[in-house]
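Participant: No letters, just coordinates:
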């Protein structure tokens, strides 16, 4: 199973793709899509959407996995999360792959065994799990964590909506 | 000036296009894009995005006008507003037209002279302004109101972001 995990944001969107065969995981790619704050939001969304479409077409993942909403962020931040999420969901729908989502605590629990793990602990766990020399950038690590969570949970798939 | 106004939502997205020449307004079209709640969200967003792209290509508006965020809605509703807004902003960016946005009170003030006008008052004002026999559906009326607000404010354009 090949999973594309996404950590969406209008300034930085993390993405990570992994292949899972039983308990063996292979990191295919991970990166951060940076959209300059100097660009108007529609142009930033266009860049995120276009890059994700290209990535999906290049790597043909079976599924796109997203973290679902954080509670307690301010109004503007929540709308921006929605805007970035839409770019990911649209790219998936246009390329014909399903979208699944998981709550933050479940992702942390799946990766580190602790639903309240810090960002640094998560980066370290991702580094260990994929035997990397250095931890990936925070947004890409979060994206790989969502993808791994989906692999661990793949018998209980939760479609968005 | 031809303006496309949008009232975005993941279930119903209102849209309205008007031509403005001085103080004369002509209604080109208004409609509601309905996306069944039975569809997964990515498919709903795809429908909204595709329909808006088609509308922009068909009618060639000069600008897309959006209401900006309502405060006080719940977390889930705010994220959904962001998701639907992104479909509109993406369609505009892909078709090369600018996006502008206005706060709800300014739109109501521009149309009815009252920043706290009700939905029904707004529908009646839109009916009168365009000399319609019946008021348009609420979402389409809201979309036309944003478009009209842009015409009234077009010397003070506010890019999103």
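Facilitator: Structure's in. What do you need? If you're wondering where the values come from, they're calculated on a predicted model, not measured in any experiment.

Participant: make it CA atoms for all contacts and neighbour counts henceforth
Facilitator: Noted.

Participant: which bits of chain A sit near chain B?
Facilitator: Residues of chain A lying close to chain B (CA under 8 Å from any CA of the partner chain) are A:40-43, A:45-46, A:69, A:71-72, A:75-76, A:78-87, A:89-90, A:92-94, A:99, A:159-161.

Participant: tell me the SS of residue A:3?
Facilitator: Look at residue A:3: counting by DSSP: H, G, I helix; E, B strand; the rest coil, its state is strand.

Participant: With the one 3 residues further on instead?
Facilitator: Three-state call for residue A:6 (three-state DSSP): strand.

Participant: If we go by neighbour counts, what in the helix or strand hosting residue A:123 is buried?
Facilitator: Element membership for residue A:123, per DSSP states H and E: helix A:119-129. By 16 or more other CA atoms under 10 Å in any protein chain shown, the buried positions in helix A:119-129 come out as A:122-127.

Participant: Which strands and helices lie in contact with whichever strand or helix holds residue A:65?
Facilitator: Following DSSP H and E, one finds residue A:65 within strand A:63-67. Applying 3 or more CA pairs under 8 Å, 6 or more residues apart in numbering or on different chains; DSSP states H and E, one finds that strand A:63-67 contacts strand A:2-7, strand A:99-102, helix A:138-152.

Participant: what residue ranges in chain A are flagged as low confidence?
Facilitator: Within chain A, the ranges that satisfy pLDDT under 70 run A:70-72, A:155-161.

Participant: Run the chain-centre distance for the longest helix seen in chain A.
Facilitator: Ranked by residue count under DSSP state H, the longest helix found in chain A is helix A:75-95. How far helix A:75-95 lies from its chain's middle: 12 Å, per CA atoms, centre = their mean, to the nearest Å.

Participant: go on, stretch A:112-123?
Facilitator: Here the centre of mass of C-alpha atoms in stretch A:112-123, compared against the chain's by CA atoms, centre = their mean, lies 16 Å away.

Participant: Let me know the angle separating the helix holding residue A:123 from helix A:138-152.
Facilitator: Interaxial angle, helix A:119-129 versus helix A:138-152 (axes from the mean of the first three to the mean of the last three CA atoms, to 10 degrees): 60 degrees.

Participant: name the helices or strands packed onto helix A:119-129?
Facilitator: Judged by 3+ CA pairs under 8 Å, 6+ apart, helix A:119-129 is in contact with helix A:104-112, helix A:138-152.

Participant: Can you say which of these is packed in most?
Facilitator: Of these, the one with the most neighbours on average (mean count of other CA atoms under 10 Å in any protein chain shown) is helix A:138-152, at a mean of 27.

Participant: returning to that earlier point: need the residues that contact the helix holding residue A:123.
Facilitator: A:25, A:108, A:111-112, A:133-138, A:141-142, A:144-145 (CA atoms under 8 Å, 6 or more residues apart in numbering or on different chains).

Participant: Assign a three-state SS to the most far-flung residue of chain A relative to its centre, would you?
Facilitator: Largest separation from the mean C-alpha position in chain A: residue A:38, at 24.1 Å (CA atoms, centre = their mean). Using three-state DSSP, the structure places residue A:38 in coil.

Participant: Please state the backbone phi and psi of it?
Facilitator: Main-chain torsions, residue A:38, degrees, to the nearest 10: phi -80, psi -20.

Participant: which of the contacts of helix A:119-129 lies closest to residue A:7?
Facilitator: Taking CA to CA as the measure, residue A:7 lies nearest residue A:142 of those, at 6.1 Å.

Participant: The residue lying closest to that closest one once chain neighbours are set aside: neighbouring residues, count only.
Facilitator: Ranked by CA to CA, 6 or more residues apart in numbering or on different chains and with sequence neighbours excluded, the top spatial neighbour of residue A:142 is residue A:7, at 6.1 Å. Residue A:7 is flanked by 28 other residues according to other CA atoms under 10 Å in any protein chain shown.

Participant: who's residue A:7 bridged to?
Facilitator: With DSSP bridges as the criterion, residue A:7 is bridged to residue A:14.

Participant: closest to residue A:16 out of the helices and strands packed on helix A:119-129?
Facilitator: Proximity to residue A:16 (CA to CA) singles out helix A:138-152 among those, at 4.8 Å.

Participant: name the helices or strands packed onto the closest one?
Facilitator: On a contact count with 3+ CA pairs under 8 Å, 6+ apart, helix A:138-152 meets strand A:2-7, strand A:12-21, strand A:24-34, strand A:63-67, strand A:99-102, helix A:104-112, helix A:119-129.

Participant: quick one: the last one to helix A:104-112, angle?
Facilitator: Right, the one you point to is helix A:119-129. Relative orientation of helix A:119-129 versus helix A:104-112 (the same axes, to 10 degrees): 40 degrees.

Participant: Repeat that for the first one.
Facilitator: Between the axis of strand A:2-7 and that of helix A:104-112 there is an angle of 130 degrees, by the same axes, to 10 degrees.

Participant: Out of the contacts of helix A:119-129, which is nearest to chain B?
Facilitator: Of all those, residue A:142 has the smallest distance to chain B: 19.4 Å, by CA to the nearest CA.
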